[in-house]
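Peer 1: How does the following fold in three dimensions:
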Amino acid sequence: MKKYFLFITLLVSIFSCSQNEDLSTTEKSIYFPPITGHNWETITPSELNWNTQEIEPLITYLEEKNTKSFIILYNGRIVIEKYFGDHSESKPWYWASAGKTLTSIITGIAEEKGLLNINNKVSDYIETGWTSLPVTKENLITCKHLLTMTSGLDDSLGDKVSPANLQYLSDAGTSWAYHNVYVKLQDVIETTSKQSFSTFFNTNLRDKIGMTGTWLQTGDFSVYYSTTRSMARFGLLAFNKGAWNSTKIINEDFFINSINTSQNINKAYGYLWWLNGKSSYHLPQSQFEFQGKLIPNAPNDLYAALGKNDQKIYVSPSKKLVIIRMGESSEGTNFALSNFDNELWGKINLIIN
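Peer 2: Numbers count the residues shown, from 1 in each chain. Model prediction:
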């Protein structure tokens, strides 16, 4: 009788565990939307036991802060998707400097294909004279310096990347200065792949994960425009460490390096990604070191693509979240980080915690 009781108990236990696994499958597995079409699975805030009473205050805040679109993904599924004013799911908007992370990933793809080595100097791939520096100083600048904002070029001369605007500030690797010179990586890829950067990008990234969008010329360089869902697709790729479902898009080692501190000057910067949870950080157009986390209210493991006027991709593996915000500036003009980041995460925490 005792053995029979133990057997029944074991069966009940196994059934219970199996049932719990079935109930939590949606929560545990990462979902990827189809490459084509508009279908995208959703999950409700209630299913996640989120505080639904705080959602409407968040939406109101976003609208007050000139937001055009906002998406929260949980393990890839849409939890919240909201468009404001005349913006819609089908309308594109610019990524601004959040698009730097597109160039980061494309550089990793190009390196894996043998088209470049990030430790080689830029002038190995494009002709010398791409800056106003003496050749000896220009040849100190590697592709990795462009990825990490440590080129040593003066960041106070505006957005242009013609040689006249690329002037000496310090030797490469000795200072951190936020600069559009990173787009020279696109020139490197065009030269080594023998095709336009946009063609290489479309073939090796955009089309493989079902993004839409295009690079539009703005002055000396191009800015990416896409729908909010396309930005969310890229965020989901970043959440899954550079793989789309089971398909590897970028070498995982490169991607892991890109979302970790890349140099010893600005601890909150990887390969064109911003990093939270570090002990200090630098901001654009400043050589001052600020103490503390980049976004105090955000998870420590968060890595982010931050663009002018509050274009945002936030990725937090510990919270299983990808969050997208597109729109006009929340207040004033900013180049990457703003007060909006911390305020927004304060409101998100009221929902998810």
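Peer 1: low-confidence ranges in this structure?
Peer 2: Along the chain, segments meeting pLDDT under 70 span 1-28.
Peer 1: Now do the helices in it.
Peer 2: Per DSSP state H, the chain carries helices over the ranges 2-28, 55-64, 100-112, 135-138, 143-148, 184-193, 197-201, 228-239, 252-258, 339-352.
Peer 1: so F239 touches Y74, yeah?
Peer 2: No - the pair F239 / Y74 is not scored as a contact, 10.4 Å apart, by CB atoms under 8 Å. In this view, the C-beta of every residue, glycine as well, is placed from N, C-alpha and C.
Peer 1: Taking the centroid of this protein, which residue is nearest it?
Peer 2: Closest residue to the average C-alpha location of the chain: A305 at 3.6 Å, with CA atoms, centre = their mean.
Peer 1: which one is L140 nearest to, not counting chain neighbours?
Peer 2: A172 (4.2 Å; CB to CB, 6 or more residues apart in numbering).
Peer 1: Tell me the spacing between that neighbour and R325.
Peer 2: 33 Å (CB to CB, to the nearest Å).
Peer 1: thinking again about what came up before, so what's the residue nearest to L140 up against?
Peer 2: 137, 140-142, 145, 150-152 (CB atoms under 8 Å, 6 or more residues apart in numbering).
Peer 1: So what pairs up with the residue nearest to the centre of the chain in the strands?
Peer 2: Per DSSP bridges, the residues bridged to A305 are I313.
Peer 1: Would you quantify the distance from it to L58?
Peer 2: Taken as CB to CB, the span from A305 to L58 is 21 Å.
Peer 1: for E127, same thing?
Peer 2: 51 Å.
Peer 1: follow-up on the earlier one: any idea how far T148 is from the residue nearest to L140?
Peer 2: From A172 to T148 the distance is 10 Å (CB to CB).
Peer 1: Next: H87.
Peer 2: 34 Å.
Peer 1: Neighbour count: the two, which is higher?
Peer 2: T148 (24 against 18; other CB atoms under 10 Å).
Peer 1: so that one touches Q263, yeah?
Peer 2: Yes - T148 is within contact range of Q263, at 4.9 Å (criterion: CB under 8 Å).
Peer 1: and the residue lying closest to S104 once chain neighbours are set aside, what is it in contact with?
Peer 2: Taking CB to CB, 6+ apart, and ignoring the residues beside it in sequence, S104 has L272 as its nearest neighbour in space, at 4.0 Å. Residues near L272 by CB under 8 Å, 6+ apart: 100-101, 103-104, 147, 149, 182, 258.
Peer 1: same thing with Q186?
Peer 2: Q186 touches 103, 106, 197, 221-222, counting by CB under 8 Å, 6+ apart.
Peer 1: Could you report the distance from the closest residue to K278 other than its chain neighbours to N260?
Peer 2: Nearest non-adjacent residue to K278, counting by CB to CB, 6+ apart: K267, 4.0 Å away. Here K267 is placed at a distance of 10 Å from N260 (CB to CB).
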